[in-house]
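S.K.: The following block contains a protein sequence and its predicted model.
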Amino acid sequence: MMKYWKNTATIDRLVPELLHTVGAAEAEIAVIGSQPIDVSKMPKLKGIFKCGVGTDNVPFAAAEARGIEICMPSEHTKRYIFEETANFAVYLIFRMLFSDIGEVDAWVKQSRGFLGDKKVLIIGQGNIGSHVVRKLAPSVEVLTFDVLYNQMNELHDLVRQADVLSLHIPLLPATKGFIDAEKLSWMQDGAALVNTARGPVVDEEALYQEIETGRLRAAFDVFWEEPYAGKLKAFHPHRFLMSPHVSSNCEDFLSGLAVDFRAFVNRFED
């Protein structure tokens, strides 16, 4: 049996052998989630299995230099990641749009604007962002921005119009802190920011300043470190709604990952 190391428990229930791991120095196969991995501490490593599609923590160059194989989810499994993450983003967007409906105990009913008049800005038109646009389009007015199709000077007016801004961009050096204090200041009073992409694409301190004043709200499934215990947690759930990085976590996705993992490991054991 191969010797495993992991920094995620994503497929433990479906792959029981992952309940028995070794230290980094003895590991032959590494199973990683969204947290970093230091392959320099893994002299016996043969393969890295990634439980997701984000590549910001995958050490491609270091692995290639050592002949370590990297396995990303198959195309079949990716389908569930893209669709279910988009479904969860839409859920969070609607949670933000229907956040103030009244109180049951006092039986207070809050009136609201017609949903069809609300504007949602989707930033990023890749595999997930494009699904979010398709799913939202029948219900709200959808605005879009992507650096591949828009000029940066278009972003200000789009952000100013949006009732909800939803992020679907990868974490790269160029996108770290993409939503900074200036862009947050463009958001209208009472608007909400939804993030199912990566935590660091938002400036944490700048968001804290806006949430603390009560001017903006946010719903995050991804964070600057996970599990998240940072300063914004104090505002959960009313002004800063948190979920534990579960946007893609449907059973079909997990089953697909387990199948992909066993196929990957078999290549070393044959």
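M.R.: Yep, it's here. Residues are numbered from 1 along each chain as shown.
S.K.: need the longest helix for this protein.
M.R.: As assigned by DSSP state H, the longest helix anywhere in the chain is helix 75-97.
S.K.: what does it rub up against?
M.R.: Applying C-beta atoms under 8 Å, 6 or more residues apart in numbering, the contact partners of helix 75-97 are 52-53, 73, 115, 118, 120, 127-129, 131-132, 135-136, 140, 163-164, 166, 168, 192, 194, 196, 217, 219, 221, 241, 243, 246-250, 252-253, 256-257, 259-260. (Glycine included, C-beta is placed from N, CA and C.)
S.K.: separation between the closest residue to residue 10 other than its chain neighbours and residue 13?
M.R.: Here the nearest residue to residue 10 in space, its sequence neighbours aside, is residue 51; by C-beta to C-beta, 6 or more residues apart in numbering that works out to 4.2 Å. If you measure residue 51 against residue 13 using C-beta to C-beta, to the nearest Å, the figure is 13 Å.
S.K.: got the buried residues for whatever helix or strand residue 259 lives in?
M.R.: Using DSSP states H and E, residue 259 falls within helix 251-269. Of the residues in helix 251-269, those buried by neighbour count under the rule 16 or more other C-beta atoms under 10 Å are 253, 254, 256, 257, 258, 259, 260, 261, 264, 265.
S.K.: Check these and tell me the two furthest apart.
M.R.: Among these, the pair separated by the greatest distance (C-beta to C-beta) is 253 and 265, at 18.8 Å.
S.K.: Between residue 51 and residue 13, which is the more surrounded one?
M.R.: A side-by-side neighbour count of residue 51 and residue 13, using other C-beta atoms under 10 Å, places residue 51 first with 26 against 11.
S.K.: Please tell me I have it right and that one contacts residue 35.
M.R.: No - here residue 51 lies out of contact with residue 35, judged by C-beta atoms under 8 Å, at a distance of 10.7 Å.
S.K.: Are there residues contacting both of those two? Which ones?
M.R.: By C-beta under 8 Å, 6+ apart, the residues touching both residue 51 and residue 35 are residue 8.
S.K.: all helices for the stretch 1-150 of the chain, in order.
M.R.: Taking DSSP state H, counting those that start in this stretch as the criterion, the stretch 1-150 of the chain contains helices spanning 60-66, 75-97, 129-136.
S.K.: Report all helices and strands that the helix holding residue 259 contacts.
M.R.: strand 29-32, strand 47-50, strand 69-71, helix 75-97 (3 or more C-beta pairs under 8 Å, 6 or more residues apart in numbering; DSSP states H and E).
S.K.: OK, contacts around residue 252?
M.R.: Residues near residue 252 by C-beta under 8 Å, 6+ apart: 80, 84.
S.K.: measure it to residue 78 for me?
M.R.: As defined by C-beta to C-beta, residue 252 lies at a distance of 12 Å from residue 78.
S.K.: count of residues packed around the closest residue to residue 198 other than its chain neighbours?
M.R.: Distances taken as C-beta to C-beta, 6+ apart put residue 171 closest to residue 198, at 3.8 Å, once the chain neighbours are dropped. Residues near residue 171, counting by other C-beta under 10 Å, number 19.
S.K.: Next, residue 171: secondary structure please.
M.R.: Of the three states, residue 171 takes coil under DSSP: H, G, I helix; E, B strand; the rest coil.
S.K.: Tell me who's in contact with it.
M.R.: Residues counted as contacts of residue 171 (C-beta under 8 Å, 6+ apart) are 54, 56, 197, 198, 200, 201.
S.K.: relative to its centroid, which residue of this structure is most remote?
M.R.: Among the residues of the chain, the one whose C-alpha is farthest from the average of all C-alpha positions is residue 106, by C-alpha atoms, centre = their mean at 36.2 Å.
S.K.: and it, backbone torsions?
M.R.: phi -90, psi 0 (degrees, to the nearest 10).
S.K.: Now tabulate the helices of the stretch 1-150 of the chain in CSV and tack on mean pLDDT, mean neighbour count and distance to residue 44.
M.R.: Conversion of the helices of the stretch 1-150 of the chain to CSV gives the following (pLDDT from 0 to 100; neighbours: other C-beta atoms under 10 Å; distance: least, C-beta to C-beta, whole Å):
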stretch, mean pLDDT, mean neighbour count, distance to residue 44
helix 60-66, 97, 12, 11
helix 75-97, 97, 20, 27
helix 129-136, 98, 20, 39
